[in-house]
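# sequence and predicted structure, then a few things I'm wondering about:
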Amino acid sequence: METDRPLWRSRTWLTATAGLLGLTAVLATVAPGGERGFILVWGITLVSVLCIVVFTAIRVRAERANFERELAEWATERASQAERLRIAGELHDLVSHGIGLITVRAAAARTVAGDAAVVEHATALADIEKASRETTAELRRMLTVLRQPGAAPLRPADTFADLPAIVATAESAGLTVAFEAAEFGIDPDSTPAAGAVGIELSEVSPGVQLTACAVVREALNNAVRHAGPTAARVGIRREGGAVIVRVADDGPRGEWRAEPGAGRGLEMLRERIASHGGSLEAGRHGHGFRLCAHIPVGHADA
């Protein structure tokens, strides 16, 4: 609820009415009797009514203008807060993914020994260079948009068709990702195409698709950062009036040292899902971690 939204409250008319009734009562008490007194009372009352109406209308108009200014300032502040949250979310996704991928590839390459080390080190360096260039390019794009609105195109919003690409990016960071086709009705050999995950795109709004993809991306990024080159399972299905997204990993292998995070990713994701009227469950699952998001498809997009 928008409890901080300014409310229109004006007691001017109530005050004016009370004042008019009081004036009429006083005049009726002190005025002389007879027809002359009656005319005097009603004459003064009529003039007073006209004056009060004019004064009240001017006062209410000024109050209304002041209220509209407060409402405009409130709306501007709300929009600014929403934009700051959006930018924070994009920066979080961008930095956590790019830096996480670099960390995992460097750590994984360091564990390889023998004849395979030369090839693995070369491949890891190539992956690290690619991730660094992509992260730098995205940061420049975002900074350009912030400095000059409209000067640079925004990245297209993710849809279900982008899920295979999101998974492929996580796999390039060292994860072994599998779709649970039996449970979720997803084709594990799907390619980036409409309907690839077994859900008609026309049945789910773009906002819900974007949020579902954000769940998968955040969960896989967290797995990369906290569990390293481990196994993960991604599932997404339609259940009644909601999209259910589940992502689970097997936890860190060996002596992998988790990369600490700021802890804002899940919080922002939970707020994002709540804006659709949904919920997010996140916690330990066996030796690993699991996210389960319930996103209603009938709720208006935020």
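It's in. Numbering: from 1, shown residues only.
# use CA for all of it now, contacts and neighbours both
OK.
# buried sites along stretch 59-72?
63, 67, 71 (16 or more other Cα atoms under 10 Å).
# neighbours around residue 208, how many?
25 (other Cα atoms under 10 Å).
# now do it against residue 113, distance only.
Residue 208 sits 45 Å away from residue 113, going by Cα to Cα, to the nearest Å.
# before we move on, what about residue 72?
Per Cα to Cα, residue 72 is found 64 Å from residue 113.
# and for residue 160?
39 Å.
# between these two, which one's more packed in?
Taking other Cα under 10 Å, residue 160 and residue 113 do not tie; residue 160 has more neighbours (26 against 11).
# can you name the element that comes right after the least confident helix or strand in the chain by mean pLDDT?
Lowest on mean pLDDT, DSSP states H and E among the helices and strands of the chain sits helix 181-184, with a mean of 39. Counting by DSSP states H and E, the next helix or strand C-terminal to helix 181-184 is helix 206-227.
# and the closest residue to residue 131 other than its chain neighbours, what does it touch?
Among residues not flanking residue 131 along the chain, residue 98 sits closest, at 5.8 Å (Cα to Cα, 6 or more residues apart in numbering). Residue 98 makes contact with 131-132, 134-135, according to Cα atoms under 8 Å, 6 or more residues apart in numbering.
# let me know the closest of these to residue 47.
Nearest to residue 47, judged by Cα to Cα, of the contacts of residue 98 is residue 135 at 74.7 Å.
# now the closest one. Nearest residue, chain neighbours left out?
Sequence neighbours aside, residue 98 is the residue nearest to residue 135 in space, at 5.7 Å (criterion: Cα to Cα, 6+ apart).
# quick check: that neighbour vs residue 118, distance?
24 Å.
# right, and residue 233 touches residue 179 too?
Yes. Residue 233 is within contact range of residue 179, at 5.7 Å (criterion: Cα atoms under 8 Å).
# mind showing which ranges of the stretch 151-300 of the chain have poor pLDDT?
151-157, 180-202, 254-255, 257-263, 298-300 (pLDDT under 70).
# at 50 what do you get?
For the stretch 151-300 of the chain, applying pLDDT under 50 flags the ranges 151-152, 181-188, 190-197, 201, 300.
# buried ones in stretch 167-177?
Neighbour-count burial for stretch 167-177 [16+ other Cα under 10 Å]: 167, 169-171, 173-177.
# could you tell me the end-to-end distance of that stretch?
End-to-end distance for stretch 167-177: 7 Å, by Cα to Cα.
# contacts for it, please.
Residues from elsewhere that reach stretch 167-177 (Cα under 8 Å, 6+ apart): 101-102, 104-105, 108, 127, 217, 220-221, 223-224, 228-234.
# for stretch 211-222, same thing?
Everything outside stretch 211-222 that qualifies as a contact, by Cα under 8 Å, 6+ apart, is 93, 96-97, 100, 158-160, 162-163, 166-167, 170, 232, 234, 243, 245-248, 265-266, 269, 272-273, 290-291, 293, 295.
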